[in-house]
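# one predicted model, sequence on top.
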Amino acid sequence: SAECGLPLRPRPQRPCARPRMCAVAIRAQRPNSSSSSTDHKVETRLRSTERIDSTASLSSVIAERRSEAGSRDSSAVAAPDPAAEVRRHRRVGRLAEAFSRLCKGRLGNKTFSHFEQWLFSRALHSGGGGADPVVPPGGASTLHDPELHRKLCLAGAEEVEASEVCEQMGLLCREIDLERSASVSGQPAAGPGVVRASEFEAGRSGAKIKLKLGGAKTEVNKAHWEKLQVLYRLHAGDAGLQGFEEDAFSLLMRYNAAAGATYKGGGMQAALRGECFDVLRDDFGVRMECFASPMNCRFPQFCSAFLDTDRRFGSLGSFFEFRPKWGSYEANPPFDPDFVRRMVEHMEELLGASERSLSFVVVFPHWPEKDCWRRVHTSRFNRRHHVIDKFAHGYFEGSQHNRSNRYRTANFDSSCFFLQNDAGAEKWPVTQEKLRRLSLAFAPPLEAGAEDGAGPLVGPRGVRERPGGEEGDDAGSGRKRRKSRSSDRKGATDKPLFKR
């Protein structure tokens, strides 16, 4: 389904005397049962999605792409430890509690969103020097955070108060880092047991899977659970689903920690709709994402933030260590200005070094006032810039794998850039007709969950062609856009069912 990423239909569920037991546990108790028929159907759908020749082995094609892409070997990466992920999650929880206590009076009810952004940006600005992939190190970059300082001052805090909040968060990171180092050098406690999975009904969310390790637990929608099983079988080789529950638990705990140790987070992992990927695949040859996760990926291979937890689900590792020489890729990066700047610098290096067809379709907020946006816009590889109105598109939540209302309308215009070398521009030309199809694919679904997870949002009528700006740029005047937008809505029949 589009909500899960891979275009796979969920398998029909047969009546079972033990409905609360997950499918994996049932198959484990019945070793003679075969899932070869299901696997064959899944492989057929993957071939259709990837346009793979039916005579070629799917695993061999994936291995060939991994080699051609120039990604580093992941076999030397240590396997994730579920107990260590639980401890990491608790450390992030401590940071979240402190952040909420220090900032809630200033940043309001969306403190969890600001904390997720802070967690991401501080880890980014540490330059990867931290020993923990999620918790920022307690260095100077954490003690003196200009972005958090700016937000607090805009919310009415005095300079001294804002500086004190930044310093306290940095000191807590340093304390947690020291505690982690001490536990590593000493004798860490043994894990609390094995991961156990069970199925339950969650009302409007439908069937979900609960994973427990001792007193720690996490949940995932059953459709996404089955998608993770498909990816695991595809990339684990002969091992099949051996070790799947432990790896899935580690994966889900890692991403929940990165989202701020709350199910409300996930804003840094938002994804495009499935229809958008279909158009990008058919019109621009896109076969892979530069920034995804096993939960929201559309294709069997992708780049992601955490190679250790994601590699058995198809990840090739960080995009910044990914060096493809050919191909077409989609990039919907985390909405952080410094991250976007690093991304375009890496893309320009790749495009300049390759003589084969290479293309990147980049989607992120329309930020003409920011240096990172202007950096992409003025790139010598930028073949076209297309703007999508904020009322005419949306995204899937980064934490869609444990939510019922997975879709949300955008609260900003989005820029779509096409960065291509000469060979890529010749192979995948950007035409007005292709842009029209892409805009229609971005349109909110006719039947999509609003804030309560039900009801229509906005029909395709909300999609409008943008007036042309400079040559090769589909951006028009913002003031004129707002006037035309309000006049268009007066007689519209496809109105949103909730207030924006």
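It's in.
# V160 versus L152, what's the distance?
According to CB to CB, to the nearest Å, L152 stands 11 Å off from V160. Placement of C-beta: from N, CA and C, glycine included.
# oh, I was asking about E201
From E201 to V160 the distance is 52 Å (CB to CB).
# for the two, indicate the residue with more neighbours.
Using other CB atoms under 10 Å, the more surrounded residue of E201 and V160 is E201, with 11 against 8.
# show me what the more buried one is bridged to.
As for beta bridges, E201 partners with A207 under DSSP bridges.
# that one touches A207, doesn't it?
Yes. Counting by CB atoms under 8 Å, E201 touches A207, with 6.0 Å between them.
# strands of the stretch 301-450 of the chain, start to end?
327-331, 358-365, 382-388, 394-396, 407-409, 414-420 (DSSP state E, counting those that start in this stretch).
# as TSV, the ones you listed with mean pLDDT, distance to I176 and mean neighbour count would be great.
Shown next, in TSV, are those (pLDDT from 0 to 100; distance: least, CB to CB, whole Å; neighbours: other CB atoms under 10 Å):
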stretch	mean pLDDT	distance to I176	mean neighbour count
strand 327-331	96	32	24
strand 358-365	96	31	24
strand 382-388	95	40	21
strand 394-396	71	32	23
strand 407-409	69	32	20
strand 414-420	96	36	24
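# now those in JSON lines, with distance to F284?
Below are the strands of the stretch 301-450 of the chain laid out as JSON lines (distance: least, CB to CB, whole Å):
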{"stretch": "strand 327-331", "distance to F284": "6"}
{"stretch": "strand 358-365", "distance to F284": "6"}
{"stretch": "strand 382-388", "distance to F284": "11"}
{"stretch": "strand 394-396", "distance to F284": "19"}
{"stretch": "strand 407-409", "distance to F284": "23"}
{"stretch": "strand 414-420", "distance to F284": "8"}
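# for those, which one sits closest to G138?
Evaluated over the strands of the stretch 301-450 of the chain, closeness to G138 peaks at strand 358-365, with 30.0 Å, by CB to CB.
# strands paired with the closest one, and their directions?
Using DSSP bridges, the strands paired with strand 358-365 are strand 327-331 (parallel), strand 414-420 (antiparallel).
# how about those, which one is nearest F364?
Closest to F364 of the strands paired with strand 358-365 is strand 414-420 (CB to CB; 6.4 Å).
# that closest one to strand 382-388, inter-axis angle?
Compare the direction of strand 414-420 with that of strand 382-388 by axes from the mean of the first three to the mean of the last three CA atoms, to 10 degrees and you get 160 degrees.
# got the contact list for strand 414-420?
Residues outside strand 414-420 that contact it (CB atoms under 8 Å, 6 or more residues apart in numbering) are 284, 344, 347-348, 351, 358-367, 373, 376-377, 379, 381-388, 390, 393, 428, 430, 438, 442, 475.
# repeat that with 7 Å
347, 351, 359-366, 373, 376, 379, 381-388, 393, 428, 430 (CB atoms under 7 Å, 6 or more residues apart in numbering).
# right, and A207 touches S198 too?
No. Counting by CB atoms under 7 Å, A207 does not reach S198; the two are 11.1 Å apart.
# just to revisit the earlier point, format the strands paired with strand 358-365 as CSV; extra columns: distance to A140.
Shown next, in CSV, are these (distance: least, CB to CB, whole Å):
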stretch, distance to A140
strand 327-331, 30
strand 414-420, 33
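# looking at those, which is closest to F249?
strand 327-331 (28.6 Å).
# closest one to V86 among the strands of the stretch 301-450 of the chain?
V86 lies closest, by CB to CB, to one member of the strands of the stretch 301-450 of the chain: strand 394-396, at 27.2 Å.
# quick one: end-to-end length of stretch 300-317, please.
13 Å (CA to CA, to the nearest Å).
# quick revisit: wait, which of the strands of the stretch 301-450 of the chain is closest to N221?
The nearest among the strands of the stretch 301-450 of the chain, by CB to CB, is strand 394-396 at 12.3 Å.
# packing partners of that closest one?
Here strand 394-396 touches strand 407-409, going by 3 or more CB pairs under 7 Å, 6 or more residues apart in numbering; DSSP states H and E.
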